[in-house]
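Participant: Coordinates for the following, if possible.
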Amino acid sequence: SSGINAEYGEENFGTEQIQYNMERIGYRVGFSLVEKATKEEARFKENVEIVKYICKDLWQMLFRKQADNLKTNHTGTFVIQDNRFRFLTRVSQSKQYVDRGQLYLSYTCGVIRGALTNFGIPCTVTSELSVSPTCKFQISIQQTS
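Facilitator: From the prediction side, this is the model:
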């Protein structure tokens, strides 16, 4: 029997619950990682500086490479693109594995959201898997009044 899979897998929780749990774990990792990594550094002032930090430094810590592209509409939406996302480079192209790949993306959405929350930026983060291993993460910063 596949112990862990049977105990924690889709049979007991469902895919949505697993994705939610992965995002929550990622959130804690991102929050803590930024706290430790920026302890000695001056805090960034602008949102764009913070998102650039995530694309360069945080991505390097997590995936041993920088993100490939960062776009913004200058109204609080950023899109990070990774053309060879480390968690997906060895994942098959079949539907079953694309669904599994979404779990890795949920984790990474959580990491990004946790990191930004630590910087004092409330946001939502969603992911898009176009052609594996290329993926995008969209950050929508919640405007505070």
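Participant: quick one, helices of this structure?
Facilitator: For the chain, helices defined by DSSP state H occupy the ranges 3-8, 10-13, 15-37, 47-53, 59-63, 95-118.
Participant: Comparing these, which comes out most buried?
Facilitator: helix 95-118 (a mean of 20; mean count of other Cβ atoms under 10 Å). (Glycine included, C-beta is placed from N, CA and C.)
Participant: pLDDT averaged over that helix - what is it?
Facilitator: In this model, helix 95-118 carries a mean pLDDT of 86.
Participant: Now do the same contact list for Thr134.
Facilitator: Neighbour list for Thr134: 81-85 [criterion: Cβ atoms under 8 Å, 6 or more residues apart in numbering].
Participant: Redo the helices of the chain as a markdown table? Include distance to Thr144.
Facilitator: Output for the helices of the chain, formatted as a markdown table (distance: least, Cβ to Cβ, whole Å):
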| stretch | distance to Thr144 |
| --- | --- |
| helix 3-8 | 37 |
| helix 10-13 | 34 |
| helix 15-37 | 19 |
| helix 47-53 | 12 |
| helix 59-63 | 26 |
| helix 95-118 | 13 |
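Participant: who wins for proximity to Thr77 among the ones you listed?
Facilitator: Across those, Thr77 has its closest neighbour in helix 47-53 (10.3 Å, Cβ to Cβ).
Participant: average pLDDT across that closest one?
Facilitator: Helix 47-53 shows a mean pLDDT of 94.
Participant: Mind listing residues that contact it?
Facilitator: 44, 70, 72, 76, 78, 80, 116, 119, 121, 139, 141.
Participant: Can you pull up the most central residue in the protein?
Facilitator: With distances taken as Cα atoms, centre = their mean, the residue of the chain nearest its centroid is Thr108 (2.3 Å).
Participant: so what's Cys55 up against?
Facilitator: 66-67, 70, 80.
Participant: if I look at Tyr104, how far off is Gln19?
Facilitator: Distance from Tyr104 to Gln19, counting by Cβ to Cβ, to the nearest Å: 10 Å.
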